[in-house]
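>>> sequence plus predicted model, see below.
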Amino acid sequence: MDTVLAGNSIRDIILHDLTADSDHKLSVCMSRLMRWLSAWSSAQWLEWFGVITAIVYSLLVASNTGLEFIGFTLLLVSSFSIGLWAYRGGHRGMLLLQFFYATAGMIGMLRWF
């Protein structure tokens, strides 16, 4: 017997079937997750892709483990993603900030290459 989800958040979708012990329940959980993700707009994808790549960038550079070039590459990718999101949404301040992040990403890539 399936139970009804408490809400539509990603937490509810993932935690709902954590005790699933069959392939069917895992398939149902993945189906719900994919349905939730497909409801995202292109603007949400751009925004969150940019945020996640920026987070990974900062962790790679801060770790000082020799992965700085990859980190700065991610900063450049992040700035394009968030910049496009900002341009589409009319967020002029964020768009200006992304130009500086892109410049920092390119400088970092040249410096660490």
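Great, that's in hand. Since this is a predicted model, take the numbers as computed values, not measurements.

>>> tell me where this structure has helices.
10-16, 23-38, 42-63, 68-89, 92-112 (DSSP state H).

>>> just these: most buried one?
Most buried of those, by mean neighbour count (mean count of other Cβ atoms under 10 Å): helix 68-89, with a mean of 20. C-beta: built from backbone N, CA, C; applies to glycine.

>>> contacts for that one, please.
Outside helix 68-89, the residues that touch it by Cβ atoms under 8 Å, 6 or more residues apart in numbering are 43, 46-47, 49-51, 53-54, 56-61, 91-92, 94-95, 98-99, 101-102, 104-109, 111-113.

>>> let me have the helices of the chain in CSV, adding mean pLDDT as columns.
Listed next are the helices of the chain as CSV, based on pLDDT from 0 to 100:
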stretch, mean pLDDT
helix 10-16, 60
helix 23-38, 75
helix 42-63, 93
helix 68-89, 96
helix 92-112, 96
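
>>> how's this protein carved up into domains?
Following automatic domain parsing, the chain resolves into domains at 1-39, 42-112.

>>> can you give me how far the last one is from the chain middle?
Same thing as domain 42-112. Relative to the chain's own centre, domain 42-112 is displaced by 11 Å; criterion: Cα atoms, centre = their mean, to the nearest Å.

>>> endpoints of it, how far apart?
The first and final residues of domain 42-112 sit 33 Å from each other (Cα to Cα, to the nearest Å).

>>> if you drop the residues flanking it in sequence, what lies closest to L46?
W85 (3.9 Å; Cβ to Cβ, 6 or more residues apart in numbering).

>>> distance check, the one you found against T103.
Note on W85: its distance to T103, by Cβ to Cβ, to the nearest Å, is 18 Å.

>>> could you report the neighbour count for G66?
Neighbour count of G66, defined by other Cβ atoms under 10 Å: 9.

>>> check it and give its pLDDT.
With respect to pLDDT, G66 has a value of 92.

>>> what of A6?
53.
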